[in-house]
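>>> would you be able to build a 3D model of this:
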Amino acid sequence: MSETTQSSDSYESAANRAERVAEFEQHNRGFVGRLQHILHLNPSFVPLIVLLGSILMFGLLLGSKFFSPFALTLILQQVQIVGIVAAAQSLVILTAGIDLSVGAIMVFSSVVMGQFTFRYGLPPTIAIACGLAVGTAIGALNGWLVARVKLPPFIVTLGMWQIVLATNFLYSANETIRSQDIEAQAPLLQLFGAKFDVGGAVLTVGVVFMLILVFVLAYVLKHTAWGRHVYAVGDDPEAAELSGVNVKRTLIQVYALAGLICAFAGWALIGRIGSVSPTSGQLANIESITAVVIGGISLFGGRGSILGTLFGALIVGVFTLGLRLMGADAQWTYLLIGLLIIAAVAVDQWIRKVSG
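Numbers count the residues shown, from 1 in each chain. From the prediction side, this is the model:
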């Protein structure tokens, strides 16, 4: 009897020790788990923290030189084109795809707007509508090839990038439409470059459009059925199909909308540089992907926030301007942005590992 009691006490003691160890481990994992949960529910928090930290850092280093209406103006005007194109890229990456043709679509759409106005004598409103339609059609073709023909997004958009870029140069004959001609005959093409004063900061219509676009897309993705379908397709297309989501139609819609947004970016590009140039926007593909990745949208699809993309674009703008004002070599910007890209992907993998 005493042996049984002793054995029972020993078992209870071991059980208590195991329970205390489990509680200790759970307590240790508590902070990590809570942090992962917060980042999982609010993926834009990481880029927002980085953005605020970089603003504070350059503010302390540069003082009023950085905290000025002029600096704010410069940052926003620098990132407006990248921000618009990155919004399009975000939609595609949320579906676990990628669009390497966004820059080419943007430039070709702007060329169509300019050429239709000056070569064919169409009213600027009709020419702009044609440019928007062309961008949408190219995006829809990308989506059809991905969704219906089942080709990999990387291959489809890489090929489309080459096709559209070549078409752009062939159609335009590498001819630039000068700013003076646009101002005199079709000022509507430069609408996005129109400036106005807000508290000492000179903003443009393009900046306002970028902000409105991002907030509208953020609302649509979070509060509409279509937005939930986009996330579902990116997370698990088979499961989304079984739950009643038309995956093919959603993909085509996403790519078509991305093409339309890129066409608007082409219109904004005319306002930004003043002219219609077939050689502009050469780095738009890389810059858009950079903003998306730094903004915390997962390259595996299904997770992220388009607000994070805006923060990612602003981070690049803040580092670019801050280092320029400090007189640093431009290569330092690329070095730091490269580190941020790797860090952003590492954070995404960490969140996935912990959540798993």
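>>> nearest residue to residue 38 in space, please, no chain neighbours.
residue 45 (6.7 Å; C-beta to C-beta, 6 or more residues apart in numbering). Placement of C-beta: from N, CA and C, glycine included.
>>> state the distance from that neighbour to residue 217.
18 Å (C-beta to C-beta, to the nearest Å).
>>> try residue 326
To residue 217, residue 326 is 34 Å away according to C-beta to C-beta.
>>> related to what we said a few turns ago, correct me if wrong: the residue nearest to residue 38 contacts residue 39.
Yes - assessed by C-beta atoms under 8 Å, residue 45 is found in contact with residue 39 at 6.0 Å.
>>> more neighbours: which of the two?
residue 39 (20 against 17; other C-beta atoms under 10 Å).
>>> my guess is the more buried one contacts residue 344. True?
No - assessed by C-beta under 8 Å, residue 39 is found out of contact with residue 344, at 11.8 Å.
>>> next, show the common contact partners of these two.
Among the neighbours of residue 39, those also in contact with residue 344 (C-beta atoms under 8 Å, 6 or more residues apart in numbering) are residue 46.
>>> let me know the secondary structure of residue 85.
Three-state call for residue 85 (DSSP: H, G, I helix; E, B strand; the rest coil): helix.
>>> which residue comes closest to it once chain neighbours are left out?
Using C-beta to C-beta, 6+ apart, the nearest residue to residue 85 is residue 288, at 4.4 Å.
>>> can you list the weak-confidence ranges in the chain?
The model of the chain has pLDDT under 70 over residues 1-32, 40-41, 352-356.
>>> can you show me the strands along it?
Taking DSSP state E, the strands of the chain run over residues 195-198, 201-204.
>>> all the helices of the stretch 51-200 of the chain, residue numbers only.
69-94, 102-118, 124-147, 153-172, 179-185 (DSSP state H, counting those that start in this stretch).
>>> how far off centre is the first one?
Helix 69-94 sits 8 Å away from the centroid of its parent chain (C-alpha atoms, centre = their mean, to the nearest Å).
>>> list the buried residues for that helix?
Neighbour-count burial for helix 69-94 flags 71-94 (criterion: 16 or more other C-beta atoms under 10 Å).
>>> just the fourth one next, same as before
Buried residues in helix 153-172, counting neighbours by 16+ other C-beta under 10 Å, are found at 153, 156, 157, 158, 160, 161, 164, 165, 168, 172.
>>> what's in contact with that helix?
Residues contacting helix 153-172 (C-beta under 8 Å, 6+ apart): 92, 97-101, 103-105, 107-108, 111-112, 115, 138, 141-142, 145-146, 278, 285.
>>> do the same with the shortest one
Where contact means C-beta under 8 Å, 6+ apart, the residues beyond helix 179-185 that reach it are 114, 117, 118, 189, 190, 270, 273, 274, 275, 276.
>>> any idea how far it is from the chain center?
32 Å.
>>> convert it to PDB, retaining C-alpha atoms only.
The C-alpha coordinates for helix 179-185 follow below in PDB (Å, rounded to 0.1, in the frame of the first residue of the first chain):
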ATOM      1  CA  SER A 179       6.200  69.100 -73.300                       C
ATOM      2  CA  GLN A 180       5.700  72.400 -75.100                       C
ATOM      3  CA  ASP A 181       3.500  70.700 -77.700                       C
ATOM      4  CA  ILE A 182       1.400  69.000 -75.100                       C
ATOM      5  CA  GLU A 183       0.900  72.200 -73.100                       C
ATOM      6  CA  ALA A 184      -0.200  74.000 -76.300                       C
ATOM      7  CA  GLN A 185      -2.500  71.400 -77.800                       C
END
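>>> now that helix: buried residues?
Buried, per 16+ other C-beta under 10 Å, within helix 179-185: 179, 181, 182.
>>> distance-wise, check residue 285 relative to residue 350.
Distance, residue 285 to residue 350, by C-beta to C-beta: 27 Å.
>>> which one of those two is surrounded by more residues?
Comparing residue 285 with residue 350 by other C-beta under 10 Å, the one with more neighbours is residue 285, at 22 against 14.
>>> my guess is that one contacts residue 100. True?
Yes - counting by C-beta under 8 Å, residue 285 touches residue 100, with 5.5 Å between them.
>>> show me the contacts for residue 305.
Taking C-beta under 8 Å, 6+ apart, one finds 42, 43, 44, 218, 221, 295, 296, 297 in contact with residue 305.
>>> try 6 Å
43, 44 (C-beta atoms under 6 Å, 6 or more residues apart in numbering).
>>> how about the one 5 residues further on?
Shown here is residue 310, whose contacts under the criterion C-beta under 6 Å, 6+ apart are 83, 214.
>>> distance check, residue 272 against residue 290.
For residue 272, the distance to residue 290 - C-beta to C-beta - is 19 Å.
>>> who's more crowded, the two?
The neighbour comparison of residue 272 against residue 290 (other C-beta under 10 Å) goes to residue 290, with 23 against 20.
>>> what about that one, distance to residue 187?
Following C-beta to C-beta, the distance that separates residue 290 from residue 187 is 33 Å.
>>> give me the neighbour count for residue 336.
18.
>>> same question for residue 64.
8.
>>> quick one: contacts for it?
Contacts of residue 64 (C-beta under 6 Å, 6+ apart): none.
>>> spatially nearest residue to residue 235, not counting backbone neighbours?
residue 302 (3.0 Å).
>>> count of neighbours near the residue nearest to residue 123 when sequence neighbours are not counted?
Spatial nearest neighbour of residue 123, chain neighbours left out: residue 117 (7.8 Å); criterion: C-beta to C-beta, 6+ apart. The tally of other residues near residue 117 (other C-beta under 10 Å) stands at 26.
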